[in-house]
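Chemist: Structure, please.
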Amino acid sequence: MRRILITLSLVIFLFAILGNGCRFIFKKPEREMVSLVQVSGKNLPIFTDDLKGSGLKQAIGLQIEGLKRGNLDQQVKFGEMVIPRKRILKTLECFYTLLEKNDSSFINKEITDKFIVLQSTGVNQKGDVIFTGYYQPVLDARTKAEGEYQYPLYRIPDDLQVIDIGEINPKYAGEKIGLRIERGRIKPYFDRKAIDKGLVLRGKGLELVFLKDFLDCYMLQVQGSGVMNIGNGEEIKVRYAGSNCFPYTSLREILVDKKKLKPDEASLKEIRKYFNKNPEEIKEYLYQNRRYIFFEEYTGNVRGSEGVDLTAGRSIATDKTIFPGGGLAFVVCRKPVLNDQGEVIKWEPMLRFMVDQDTGAAIKGPGRVDIFWGTGKEAGDIAGSMKEKGKLFYLLIKEE
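Modeler: Next up is the predicted model:
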């Protein structure tokens, strides 16, 4: 009888959500905007590579193998187009053969002959894209709470139930909600404040490791994976396993809205500096992001949403509701040059081919791209400094 009541409650709950256009949980979809436009002639960038090709074949090769393992007939979004993944595979295979020539003038001519080039319309429909960075931090941790190590990373709770609203209404493709049952009633899953302040998950055996810094815990949830030094020379790797499915609220945007940081200074590094000076404000602002990330142990290299290893400086994360997983991208932006202390001493042009291999809760719309910079402090210094305006292009092989 109890199971019947729960099932009936769930049906009523979903009917209420969908019947009201999900307005109580999701924002009403905005008017359809163009995300990619085809460019040619003088609007094409000069296709060169500031790394002289280093790491590019590796990134493309890994993606080619990943695509071959999947369903090549699967249809995916490519801006306003819908294409099969086999066309993405052909794009990468064709471009890979061009790299054998190692001749930029040859590559530029072949790109014009063999590919169509599309540009992201960006945050303003004028092509301006905001590039940020992410990385895999290396942090000290312990497997038990001891001394200053008091801030846990949690595994996925057994009572978390996730429903994909897109399976019921395609209008909300990719939108999910996290639910729990309490005394026979369906409720949203616990949010960040309930977990970190209310300690509702404490003592349930879900603790994976304990960190010594509350902000590090939060930042690790933003980065998605990390290497934990657990003492005695041992380490374990942790990565994203799931979330409570609350919408993501950007800490950067909160601090800018509150005029704590200027928009052009709101990099991860500046956010950390601000909280180092104002530690009493950390929890007040972090609790405003109700989304919470759960982790799992893993071995091997960092993998993105495409299921392939990420390549430092070559892999990007974008919104997969509009950009294609595995797509061949070209980025025009700036990159920081650091001194031995990890401080930015100058900025240099970055014109580089990349592969679209990941996604992120904060990376939404045609105007946001996150670049993966690798593992460790240097990668973190670069990623933490990135908040640059640039241009994003995609190559797509012409149809026969």
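Chemist: end to end, how far does stretch 168-181 reach?
Modeler: Length of stretch 168-181, first residue to last, CA to CA, to the nearest Å: 21 Å.
Chemist: Just the mean pLDDT for it, thanks.
Modeler: Averaged across stretch 168-181, the pLDDT comes to 85.
Chemist: what does stretch 58-67 give?
Modeler: In this model, stretch 58-67 has an average pLDDT of 98.
Chemist: Straight-line length of stretch 331-351, end to end?
Modeler: 6 Å.
Chemist: buried ones in it?
Modeler: Within stretch 331-351, the residues scored as buried using 16 or more other CB atoms under 10 Å are 331-333, 335-336, 344, 350-351. Where C-beta positions appear, they are placed from N, C-alpha and C, glycine not excepted.
Chemist: Redo the residues you listed as JSON lines? Include distance to residue 168.
Modeler: Output for those, formatted as JSON lines (distance: CB to CB, whole Å):
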{"residue": "331", "distance to residue 168": "37"}
{"residue": "332", "distance to residue 168": "40"}
{"residue": "333", "distance to residue 168": "39"}
{"residue": "335", "distance to residue 168": "43"}
{"residue": "336", "distance to residue 168": "45"}
{"residue": "344", "distance to residue 168": "47"}
{"residue": "350", "distance to residue 168": "42"}
{"residue": "351", "distance to residue 168": "44"}
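Chemist: Confirm that residue 365 lies within a strand, as I assumed.
Modeler: No: under DSSP: H, G, I helix; E, B strand; the rest coil, residue 365 falls outside any strand and is assigned coil.
Chemist: so what pLDDT did it get?
Modeler: Confidence at residue 365, expressed as pLDDT, is 93.
Chemist: mind listing the helices for the protein?
Modeler: Counting by DSSP state H, the chain has helices at residues 2-19, 56-69, 85-99, 104-114, 192-196, 214-223, 251-257, 268-277, 282-286, 377-385.
Chemist: re earlier: of all the buried residues of stretch 331-351, which comes closest to residue 127?
Modeler: The closest of the buried residues of stretch 331-351 to residue 127 turns out to be residue 332 (CB to CB; 9.8 Å).
Chemist: how about low-confidence regions in the stretch 1-150 of the chain?
Modeler: Applying pLDDT under 70 to the stretch 1-150 of the chain picks out residues 1-32.
Chemist: 90 instead, please
Modeler: Residue ranges of the stretch 1-150 of the chain with pLDDT under 90: 1-33, 77, 79-80, 100-107.
Chemist: Adding distance to residue 356 and mean neighbour count, write the helices of the chain out as a markdown table.
Modeler: Output for those, formatted as a markdown table (distance: least, CB to CB, whole Å; neighbours: other CB atoms under 10 Å):
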| stretch | distance to residue 356 | mean neighbour count |
| --- | --- | --- |
| helix 2-19 | 31 | 12 |
| helix 56-69 | 9 | 18 |
| helix 85-99 | 9 | 18 |
| helix 104-114 | 17 | 14 |
| helix 192-196 | 29 | 19 |
| helix 214-223 | 18 | 21 |
| helix 251-257 | 22 | 17 |
| helix 268-277 | 21 | 17 |
| helix 282-286 | 29 | 17 |
| helix 377-385 | 17 | 20 |
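Chemist: Please dump those helices into TSV; it should also carry distance to residue 363 for every row.
Modeler: Output for the helices of the chain, formatted as TSV (distance: least, CB to CB, whole Å):
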stretch	distance to residue 363
helix 2-19	25
helix 56-69	18
helix 85-99	19
helix 104-114	26
helix 192-196	19
helix 214-223	11
helix 251-257	12
helix 268-277	14
helix 282-286	19
helix 377-385	14
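Chemist: This completes my enquiry, with thanks.
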